[in-house]
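J.: sequence first, then the predicted structure:
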Amino acid sequence: MEAKSQYHHFIPRFVLRDFAADPKGENQVPATTAPSTTNPGTANPKPKRKNRKKKKKKKKKPQSNASNAVQDDDDNDDDDDEEVDLVTQKIDAVGIGSLGSSGISEESNKATVKGAQGKQTPKPTAKENTPSSTSQQAKPKPKNRRRYDPEADDPKNPLIKYYSLDTLAIEERRVARVYGNQDMYRDVSAADANHIENRLATLEQSAAQVVRFIKEYQKNRPTSTVTITRIQLNQLRKFLFVMKYRNLLFWRKYSRTMEEYDTVVDKERMATYMRKKKLTKPIEVWLRTLKVILDTKVDAAGSWQRTVMQEAFRGDALWYIFHMTESYLAFCEPANSEDEFIITENGFGIHEGPTFYSIDEATGAQKDTSYTEYHKLAPLSPRLLLVLRSNYLRKENKEALRKRRMRPEVSNAKSLFEDLPVEPATPSYGMALAQQFIAKDEHTFAFKIYKVSREYLDLFNGVLLQEATESITWRTDSAMQRTLDAFLKNSRLQINSANMFVESKRPAKFRLSILLNPRGMLLPEFFEAEASMESYSRKEMQRYFKLGGTPANSMGDFTSAGLVQRERSAMFDQSPKGPQHLETRNATNRLEMMRFSRLPPRVIYIHVKLWRSNAARNAFGRTPDADNMDGPEDLIADLAHIIPAAYHSRLMLEASMKAFFREVNLLQHGTPDAMMGNEMTTFSQWGGICSSCFLENTPLYTKLGEQIMSSKRSKKLEDSMMQMFMTDWKNRKDIKKAGLIEEKWAKTEEDKKLLKELLWTVLWPCAEDIPLGANGGVDEPGCVIC
């Protein structure tokens, strides 16, 4: 018999239920329809059907207390964390456990010693606030239940606010069919295709019981701390890892053939593991590792680590052990009663910390990526946030943290939450002498729920908002409006080059701000954007539309372009000054250009005009004529029909910078040496013509440009830069003379005219194309650069 299809949540339903819309209904924005410019295929939820006949239900026998305690939390979850890629993650070989923890990160020297004879901790009572003490006291069912009303909200399946960053509409969706995917980890090769799901349901029930208990404590506060056992703590930690590991990102990674498996870092190890375990597909590796983690109990003695390392895929097993042992758990709540946490499609278990890119010393090419998980965040409700904080950030580990940040393969950037005022839980071992310590399941840990300031709350929400690419959910509109405005104004998240992350769909987030408060005060960026739009001609707006712009998105795009300009200015202000730091500034600029090249072309088109205006004011002390905003980006917009869209942003950034600095050198010097020196400099930042998109799939194409644009390139590459430039200079002349690019790309005579101007006047001019002052023409490189 075929197993039933199932909907698998990547955010647990017991979390989503707490985000049900404010029952008071005060100041709530109703669901909206998507603007006409968006995809009409996404509809709002169907209205309730009235006057349906009520069917009588057969009375069921009451279930046992044990089943009643967990039956409403049989949910399935996956956490889609966009920044996590196990293949590129590097697990630190030196464990933090040696820094003072004893297997579990909540261990510390603050043990509560009970008695001189080493007596064990007695079983918790109700006064000690443990889940085990309350779960046994199931509440009796009311005798006179209200009859089922089909129009009343089901408390297990309430409506929640759901803002789609694609349709730009606020919707109301049922918890049962949101933040999930259909049959994602269905094992078709097993007798029971849903055996993974069944195991996940059991783990989720255990985690839900612990979370529910902590939430109840938060409401009543009978004592200063909430106490849970080691078993319950491990269940919670394990659940958080599984939520991250079972998500859509990893399913996509493993759901391919070995021929298609393009993650070079672990492909060989993957093949070895598959041969050893007699597996045929990468997806079987993922499902097997999930099964091993779910089946292996996390025992106090630590034998679970050996089992996981022997049976699961090694790289994923190491990551799981790291997750369970190298951080401590804390709970946070907003200090202000009007503030709330939010949730996004990738926000349950999202990590915060800097990213590091390693460089091939021989070629200068960018290789593997590693990152530091200083914090992992999991909103449990609008008023409760779970934080896993790295052991490196313990007070007693300051020296270890300093040494770690000195290592060449680790970024020295600080955490956004470095000074977050939270402490590890206080353990209670119930023994006399610490040196006789033996970890036991019945040991308990007392947690405080720390109140966090509005500044930290906005940073927590800001991390989720910055990385959101699909959807956002919140409970109270007023709280969402305030934290969203704080995010849109906050440069601390946007200007964070260590994370090397470019926020996507920012205009959609501005749109949400307008929907939440259409009559409120607009942010300054909106007024600046409106003023910028008014200065643009009809022709420029037509080019903007040609690059993918729409009337509905125009305000958001102009705002985003201004924010990119602010970021570039701030990065320049923060960079070290002086000739001795020139290469550092150039490396930062290359990094910026790679990041901004991934932004939408319609935003970059507006941005380069703003940038050129600002740069001209700084360089020449004048503001360009508002009636003449023409620039090389207009050529690219006019040629957008023949140049692939993936290259539009990169070409506009490159062309605008080359044209501007060529003009600066012409006005300041104009000599052959100066002009050729400028060409050499721009080559060292962007690469040459043979690395351009125009020569892809030809014998002349080379990937040398990727190595040149690396922010950390090798000394060997630096030393050969002059020779590479001279080769490129010769290639320009030959390619121009042969007309290879124009013949391949131009479809009309007008295309050919515009393409020639873009190629040989702006991007890669030859000797006869470079403008000069009164000092004569430019000779070949050998005569002027020596």
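T.: Looks like it arrived, so ask away.

J.: which parts of the stretch 101-250 of the chain are strands?
T.: Residue ranges of the strands in the stretch 101-250 of the chain, as given by DSSP state E, counting those that start in this stretch, are 159-164, 170-174, 180-182, 226-229.

J.: where among these is average confidence lowest?
T.: Ranked on mean pLDDT, the bottom entry among the strands of the stretch 101-250 of the chain is strand 180-182, at a mean of 82.

J.: listing partners with orientation, what would you give for that strand?
T.: Sheet pairing here is set by DSSP bridges, and for strand 180-182 it gives strand 7-9 (antiparallel).

J.: list the buried residues for the partner strand?
T.: His8, His9 (16 or more other C-beta atoms under 10 Å). For glycine as for every other residue, the C-beta is placed from the backbone atoms N, C-alpha and C.

J.: quick check: next helix or strand after that strand?
T.: Scanning forward in sequence from strand 7-9, with DSSP states H and E defining helices and strands, the next element found is helix 13-16.

J.: gap between that next one and the chain center?
T.: Between the mean C-alpha location of helix 13-16 and the chain-wide mean there is a distance of 21 Å, by C-alpha atoms, centre = their mean, to the nearest Å.

J.: ok, and what's touching it?
T.: Here helix 13-16 makes contact (C-beta atoms under 8 Å, 6 or more residues apart in numbering) with 9, 72-73, 75, 77, 156, 160, 175-176, 178-179, 204, 208, 211-212, 343, 348, 379-381, 473.

J.: from those residues, list the buried ones, please.
T.: Buried members of the contacts of helix 13-16, counted by 16+ other C-beta under 10 Å: 9, 73, 75, 77, 160, 175, 178-179, 204, 208, 211-212, 343, 348, 379-381, 473.

J.: helices of the stretch 201-350 of the chain, start to end?
T.: 230-245, 248-254, 264-277, 282-295, 303-311, 314-325 (DSSP state H, counting those that start in this stretch).

J.: pLDDT weak spots in the stretch 651-786 of the chain?
T.: Judged against pLDDT under 70, the low-scoring parts of the stretch 651-786 of the chain cover residues 772-786.

J.: before we move on, what about the stretch 351-500 of the chain?
T.: Across the stretch 351-500 of the chain (using pLDDT under 70), the flagged ranges come out as 355-370, 409, 431-436, 490-500.

J.: that one: strands as residue ranges?
T.: The residue ranges that make up the strands of the stretch 351-500 of the chain, judged by DSSP E, counting those that start in this stretch, are 355-359, 366-371, 375-381, 384-390, 426-428, 444-447, 449-452, 471-473.

J.: closest one to Phe661 among the ones you listed?
T.: Using C-beta to C-beta as the criterion, the shortest distance between Phe661 and the strands of the stretch 351-500 of the chain is 25.3 Å, found for strand 366-371.

J.: need the strands of the stretch 101-250 of the chain in TSV with distance to Trp764, can you?
T.: Output for the strands of the stretch 101-250 of the chain, formatted as TSV (distance: least, C-beta to C-beta, whole Å):
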stretch	distance to Trp764
strand 159-164	43
strand 170-174	48
strand 180-182	47
strand 226-229	65
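
J.: nearest to Phe572, of the ones you listed?
T.: The stretch from the strands of the stretch 101-250 of the chain with the least distance to Phe572 (C-beta to C-beta) is strand 159-164; that distance is 34.3 Å.

J.: and that closest one, what does it pack onto?
T.: Under the contact criterion of 3 or more C-beta pairs under 8 Å, 6 or more residues apart in numbering; DSSP states H and E, strand 159-164 touches strand 170-174, strand 471-473.

J.: ranking those strands by burial, who's on top?
T.: With neighbours taken as mean count of other C-beta atoms under 10 Å, those reach their highest mean count in strand 471-473, at a mean of 22.

J.: partners of it, with directions?
T.: Paired with strand 471-473 in the same sheet, following DSSP bridges, are strand 159-164 (antiparallel), strand 343-344 (antiparallel).

J.: what about that strand, distance to the chain center?
T.: Relative to where its chain is centred, strand 471-473 has its mean C-alpha point 14 Å off (C-alpha atoms, centre = their mean).
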